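Engineer: Here's my sequence, what's the structure:
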Amino acid sequence: MKVLLIFSHPVKESFNSAIRDVVVADLCAASHDVRLRDLYAENFNPFLSATERALHHTPPSTRPELARDVEDLRWCEALVFVYPTWWSGLPAMLKGWIDRTWMNEVAWVLPAGANTIRPRLTNITRLVAVTTHGSSKLINALQGEPGKRTITRSIRVMCNRLSRARWIAVYGLDKSTLTERQKYLATVGQRVVRALR
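Structural biologist: Here you go, the predicted structure:
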């Protein structure tokens, strides 16, 4: 399967970086074709300017700086996100990537005379979010887990109508022990591989 992995964390030595490395290694070992995008390392610009927003209904060719992102989205069959949950949601870098790249004629299209958008990323049949939470599962549930809703609902609607979404989260990371983190790292890659079956 062609897998696009979007990674969003600014610290190279972070636990999220370790998760990314394990997930990539296990996906490659399972013979998946993986493209890794490290948004911070690439210095991706998450800023949606007023000028760019004005181009909201224009074709992606009006934003040539996003051509690689457009090609990656149209290429992949599975989309894997690896990121920390901050302030109950996606990091600004990742949210900015979605805001800028899930655009008209890429993720969706609004046909003339229609009043609802139509999905365009029907090539994507699997979505997987791998995220870390500093707080407990209970706290996140009380907050409504907006990041989970963004990935498993909003993003999923723009994909194949039969696409499946999987949420793989570790909670309470701030109070976790080294042993607990190692246990998670030992299984997370294979959990992602299974989610793509």
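Engineer: mind listing the strands for the protein?
Structural biologist: Counting by DSSP state E, residue ranges of the strands within the chain are 2-7, 33-38, 78-84, 108-109, 118-119, 126-132, 164-170.
Engineer: Run through the residues that contact the most centrally placed residue in the chain.
Structural biologist: The structure's the chain has its C-alpha centroid closest to F81; by Cα atoms, centre = their mean the separation is 3.2 Å. Each residue near F81 by Cβ atoms under 8 Å, 6 or more residues apart in numbering is listed here: 5-6, 8, 94, 127-131, 151. Glycine gets a C-beta too; all of them are placed from N, C-alpha and C.
Engineer: Next, format those residues as JSON lines and append distance to T62.
Structural biologist: Converted to JSON lines, the contacts of F81 look like this (distance: Cβ to Cβ, whole Å):
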{"residue": "L5", "distance to T62": "27"}
{"residue": "I6", "distance to T62": "23"}
{"residue": "S8", "distance to T62": "25"}
{"residue": "L94", "distance to T62": "23"}
{"residue": "L127", "distance to T62": "27"}
{"residue": "V128", "distance to T62": "31"}
{"residue": "A129", "distance to T62": "30"}
{"residue": "V130", "distance to T62": "33"}
{"residue": "T131", "distance to T62": "32"}
{"residue": "I151", "distance to T62": "27"}
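Engineer: Next, give me the two most distant ones among those.
Structural biologist: Greatest spatial distance in the contacts of F81: S8 and L127, 15.3 Å, computed using Cβ to Cβ.
Engineer: And the residue nearest to the centre of the chain, how far from P64?
Structural biologist: To P64, F81 is 25 Å away according to Cβ to Cβ, to the nearest Å.
Engineer: Quickly note the distance from G189 to Q182.
Structural biologist: Taking Cβ to Cβ, one finds G189 at 13 Å from Q182.
Engineer: between these two, who's got more neighbours?
Structural biologist: A count of neighbours by other Cβ atoms under 10 Å puts G189 above the other of G189 and Q182, at 22 against 11.
Engineer: count of neighbours near the closest residue to the more buried one other than its chain neighbours?
Structural biologist: Nearest residue to G189, sequence neighbours excluded (Cβ to Cβ, 6 or more residues apart in numbering): D26, at 3.0 Å. D26 has 19 neighbouring residues, counting by other Cβ under 10 Å.
Engineer: Next: R153.
Structural biologist: Neighbour number of R153 under other Cβ under 10 Å is 10.
Engineer: residues in contact with T101?
Structural biologist: So, once contact is read as Cβ under 8 Å, 6+ apart, T101 ends up touching 66, 69-70, 73, 107.
Engineer: Report the distance from the worst-scoring helix or strand of the chain on mean pLDDT to the chain centre.
Structural biologist: For the chain, counting by mean pLDDT, DSSP states H and E, helix 137-143 ranks last in confidence among helices and strands (a mean of 79). The chain centre lies 21 Å from the centre of helix 137-143; the measure is Cα atoms, centre = their mean, to the nearest Å.
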